[in-house]
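J.: here is the input, now give the coordinates:
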Amino acid sequence: MSEISNLNTETARFNPEGQFDDPGQLAATAGLTLGQKFATLERWRLLVMERMAATNEGMPPNGTGARDLGLLEKIDAAKKMLDIQHEEIKA
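T.: As a prediction, this is how the structure comes out:
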């Protein structure tokens with residue numbers, strides 16, 4: 001995913017799980033702006049939260065519970081990494 005020409009930005013922004021192996025890869029891609037990266041990570045976080053809420057409401061977890069918790073941690077870490085990069089750019 002490091003090559004911009006291979007990145008479908010529309011798919012990346014609206015289906016990040018289908019385009020990236022993990023949130024860190026999304027944060028490191030050159031094909032999205034900083035704002036798009038933050039928005040996409042937040043969209044990804046909301047998708048995971050919805051999936052977890054559905055599990056709490058009785059839908060079968062299909063073995064994703066522990067994976068989703070780890071994914072939320074990775075999303076938070078990617079957002080923090082982007083925050084640090086943004087602060088360095090501003091300085």
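
J.: same question for the helix or strand where Lys37 lies: list its buried residues.
T.: Following DSSP states H and E, one finds Lys37 within helix 34-56. For helix 34-56, the neighbour count (16 or more other Cβ atoms under 10 Å) marks 37-38, 40-41, 44-45, 47-48, 51-52 as buried. In this view, the C-beta of every residue, glycine as well, is placed from N, C-alpha and C.

J.: out of the residues you listed, which is nearest to Ala12?
T.: Thr40 (6.7 Å; Cβ to Cβ).

J.: sorry, back to before: which residues touch the helix holding Lys37?
T.: With contact meaning Cβ atoms under 8 Å, 6 or more residues apart in numbering, helix 34-56 is reached by 9, 12-14, 16-17, 23, 26-27, 29, 32, 61, 64-65, 68, 71-72, 75-76, 78-79, 82, 85-86.

J.: so what does the next helix or strand after it touch, helix or strand wise?
T.: For helix 34-56, the following helix or strand on the C-terminal side (DSSP H and E) is helix 65-90. Helices and strands touching helix 65-90, by 3 or more Cβ pairs under 8 Å, 6 or more residues apart in numbering; DSSP states H and E, are helix 23-28, helix 34-56.
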